[in-house]
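Asks: show me the folded form of this:
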Amino acid sequence: MSMSMGSAMQTDDDSASSLSATCSSLPDDILLHVCQYLDLSCRLSRFNRVCRSWRRLTEQAEGWTAVIIPDHLGHRLEDYHLTYLCRLFRYCTTLELHEGDNVHDESLALAFLHMRSLTHLSIQACDHLTDQTLVEMARLGAAKSLRTLHWSRSEHLSDVGVSALAAAAPHLTTVILDECGDIYGTCLHALATNCTQLQHVSLPECYNVTTSGVKSLVEHCGRTLTHLTLDGIDAMDDATMQLIGNHAHNLTHLSVGGCQDITDAGVKTMTVGCPSLLNLAVRACHHLTSTSLSYIGASCPSLLHLDMRWLELVTDSGMEVLAKGCKKLISIKLAHCTNLGDGSLLSLATHCRSLELVDVSHVHQLSDVGVQQLANGLKKIKQFNCEGCYRIHASGLSCLPIDCQIHSSVDMKRKG
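Replies: Prediction:
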């Protein structure tokens, strides 16, 4: 079959016209949904060139509810992007900035002039942003609807900025300040007294946070707090754990990893006061012994996830008491608990039948016998980590369910 050049060109024109008509006829809500999945540079430079209806949508402020650039893309936010988008920020509810974004306090202040609906602010390792960002946000009224603040890895954020924001953001429910070394205790008092709906406070590696700051937080917000992360805070001790137990009775998630001054006595007072715990992390609290495990088992029957890595003083007897009391456990991390043996795996297999993840890496006393006991009792196990356990061999691991993901130091082939 032959086709003339003119006919071919006519067919191409018809196809292009058909595609254009299809794009133009898509409903606005579908186009806006597509737009939200595109990175910012694509929205600015390409989306509005497809057709007239797409261009119209990019110029409507209602379509810009989020300004997010995924980490895996090469595109980075610049000050001029914010300048270009200022008039569209009236309807913005989410602003996320990532490491490498070249944005300064002044350009964000200009954006905050137009923001009246912002509920989520996330700033991840943006070296040029300082306290002034939060001070201006509060001054310009852009924090009135804010629910979530997440600021991580900053040398320029201190109590000054967070305190200013707290005074202007009464609806805050989630505050995550990750690796912010200039955070002490003043801002926690400001958050506690101004943000009465706080539910989630996470301060990992904010090592300068003071006891008085944590005290103010739990005393004022204890009834609403459900999530509390205080990993690596030097001031955490038994007295602070007692404060948590006395006031945060609705706590479901607590992480105090690496807090070296916490002992069994602190765990006791905390667990008695927080019986609803679902997730507990006490990794690398090196003074904790099997006595702490008995307190957890006695007071936290609803516990689902337990991270107790690097507790070198706990033994099989403590694990038995824990397993009998926490029968709903879904995951348990026991890496580097070097005093544990096969008896611990037997206790878990006997009493914690819902376990899906077990991490016993570098627990050198474990053997194939313990793994076989575990396999007999845990039919739902999906992940098993035994790296560095040189007494566990392929023959022992072969007893685990075929769909269980195994991390091991031994080479093994499993038949499907």
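Asks: so Gln383 versus Ala323, what's the distance?
Replies: Remark: distance between Gln383 and Ala323 (CB to CB, to the nearest Å) = 18 Å. Quick note: C-beta positions are derived from backbone N, CA and C, even for glycine.
Asks: then Ser212?
Replies: Ser212 is 38 Å from Ala323, by CB to CB.
Asks: these two: which has the busier surroundings?
Replies: Ala323 (23 against 14; other CB atoms under 10 Å).
Asks: can you map out the strands along the stretch 201-350 of the chain?
Replies: 227-229, 253-255, 279-281, 305-307, 331-333 (DSSP state E, counting those that start in this stretch).
Asks: just put those strands in TSV and tack on distance to Lys379, mean neighbour count and mean pLDDT.
Replies: Output for the strands of the stretch 201-350 of the chain, formatted as TSV (distance: least, CB to CB, whole Å; neighbours: other CB atoms under 10 Å; pLDDT from 0 to 100):
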stretch	distance to Lys379	mean neighbour count	mean pLDDT
strand 227-229	31	21	98
strand 253-255	27	20	98
strand 279-281	23	21	98
strand 305-307	19	20	98
strand 331-333	16	21	98
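Asks: let's have those strands in CSV, adding distance to Arg353.
Replies: Compiled in CSV, the strands of the stretch 201-350 of the chain are given as follows (distance: least, CB to CB, whole Å):
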stretch, distance to Arg353
strand 227-229, 27
strand 253-255, 23
strand 279-281, 19
strand 305-307, 16
strand 331-333, 13
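Asks: now for these, which one comes closest to Glu99?
Replies: Glu99 lies closest to strand 227-229 among the strands of the stretch 201-350 of the chain, at 20.8 Å (CB to CB).
Asks: partner strands of the closest one, with direction?
Replies: For strand 227-229, the pairing partners within the sheet under DSSP bridges are strand 200-202 (parallel), strand 253-255 (parallel).
Asks: ok, which of these comes nearest His128?
Replies: That would be strand 200-202 among these, by CB to CB, at 23.7 Å.
Asks: and that closest one, how far out from the chain middle?
Replies: Distance of strand 200-202 from its chain centroid, counting by CA atoms, centre = their mean, to the nearest Å, is 10 Å.
Asks: next: stretch 293-310.
Replies: Distance, centroid of stretch 293-310 to centroid of chain: 21 Å (CA atoms, centre = their mean).
Asks: buried sites along it?
Replies: For stretch 293-310, burial by neighbour count (16 or more other CB atoms under 10 Å) applies to 293-300, 303-310.
Asks: what do you get for stretch 161-171?
Replies: Buried residues in stretch 161-171, counted by 16+ other CB under 10 Å: 161-166, 168-169.
Asks: from those residues, which is closest to Thr119?
Replies: When the buried residues of stretch 161-171 are compared against Thr119 (criterion: CB to CB), the nearest one is Ala169, at 10.2 Å.
Asks: give the contact list for the closest one.
Replies: Listed by CB atoms under 8 Å, 6 or more residues apart in numbering, the contact set of Ala169 reads 138, 143-144, 146, 149, 194-195.
Asks: looking at these, which are in strands?
Replies: Leu149 (DSSP state E).
Asks: among the contacts of Ala169, the buried ones, what's the ChimeraX command?
Replies: Command for ChimeraX, covering only those of the contacts of Ala169 found buried under the criterion 16+ other CB under 10 Å:
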select :138,143,146,149,194,195
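Asks: residues near the closest residue to His220 other than its chain neighbours, how many?
Replies: Once flanking residues are discounted, His220 sits nearest to Ala192: 3.6 Å by CB to CB, 6 or more residues apart in numbering. Per other CB under 10 Å, the neighbour tally for Ala192 reads 23.
Asks: do the same with the one 4 residues further on
Replies: The burial metric for Thr196, expressed as a neighbour count using other CB under 10 Å, is 14.
Asks: do the same with Gln373
Replies: Gln373: 19 surrounding residues under other CB under 10 Å.
Asks: okay but it is in contact with Ser344, surely?
Replies: No - the pair Gln373 and Ser344 does not pass the contact test of CB atoms under 8 Å, sitting 10.1 Å apart.
Asks: what touches both of these two?
Replies: If you check Gln373 and Ser344 against CB under 8 Å, 6+ apart, no residue is contacted by both.
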